[in-house]
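> Okay, structure incoming, though there's no sequence with it:
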């Protein structure tokens, strides 16, 4: 999953980034509510879940959440707050938050709740993905082809999952970068092409599944 963490406590936000990356997440950090809202206005589909603090400069988290939902941006949102009253929890859930975590919290609980959000009914992250004899399990982070396990790197797994969740769609190199790498990741190289070349060697040596769309990007055929 790619996670946007919106938290103005610099030490906490960087601690969360390190911990979540160790758990296999790709993480972007923003420390201001207004900047976060602008990012999600333009790049909401790049994120699988948002961890959103309530007390933020620029614009508070509750207002950000409410305005995102008013724009029909449905990316799951987990609110972080030091407020622990029932009224505060209800207010957050009423305006569209999907879950609520009280500070201070155990990091393991945050990870558990992020995975729980992805397992919810109708979430594309709750189901195994299958095509061409390939089975990708988003919970165990394992991939099999014709019952044989295929060992993928973290980025290869993320790219394959992105392809399989968007079959028959032409995905540009920039869209792949946005979804799999951090927002401020800068590359002038053929990094995406290299990763997909390696992925093809492992799951598509015949070159029939992942199609190159010249001068645009790639398509996962089904």
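Arrived safely. None of these values were measured; they are calculated from a predicted model.

> lowest confidence element among the helices and strands of this protein?
helix 86-94 (a mean of 76; mean pLDDT, DSSP states H and E).

> which other residues reach it?
Judged by Cβ atoms under 8 Å, 6 or more residues apart in numbering, the contacts made with helix 86-94 from elsewhere in the structure are 54, 62, 65, 79, 81, 100. For every residue, glycine as well, the C-beta is placed using N, CA and C.

> Name the residues of the very next helix or strand once past it that come out as buried.
Beyond helix 86-94 on the C-terminal side, the first helix or strand identified by DSSP states H and E is strand 99-102. Taking 16 or more other Cβ atoms under 10 Å as the neighbour-count basis, strand 99-102 is seen to contain the buried residues 99-101.

> Show me what the host helix or strand of residue 212 is packed against.
Assigning secondary structure by DSSP H and E places residue 212 in strand 210-213. With contacts defined as 3 or more Cβ pairs under 8 Å, 6 or more residues apart in numbering; DSSP states H and E, the secondary structure elements packing on strand 210-213 are helix 191-203, strand 217-220.

> Can you list the neighbours in contact with it?
163, 170, 196, 199-200, 204, 218-221.

> now the buried residues of strand 99-102 as CSV including pLDDT and distance to residue 140?
Output for the buried residues of strand 99-102, formatted as CSV (pLDDT from 0 to 100; distance: Cβ to Cβ, whole Å):
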residue, pLDDT, distance to residue 140
99, 91, 22
100, 89, 27
101, 90, 24
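
> which among the residues you listed gets closest to residue 135?
In terms of Cβ to Cβ, no member of the buried residues of strand 99-102 lies closer to residue 135 than residue 99, at 28.6 Å.

> Tell me which of the contacts of helix 86-94 has the lowest pLDDT.
Between the contacts of helix 86-94, the one the model trusts least by pLDDT is residue 81, at 86.

> That residue and residue 53: what is the separation?
In this view, residue 81 and residue 53 are 7 Å apart by Cβ to Cβ, to the nearest Å.
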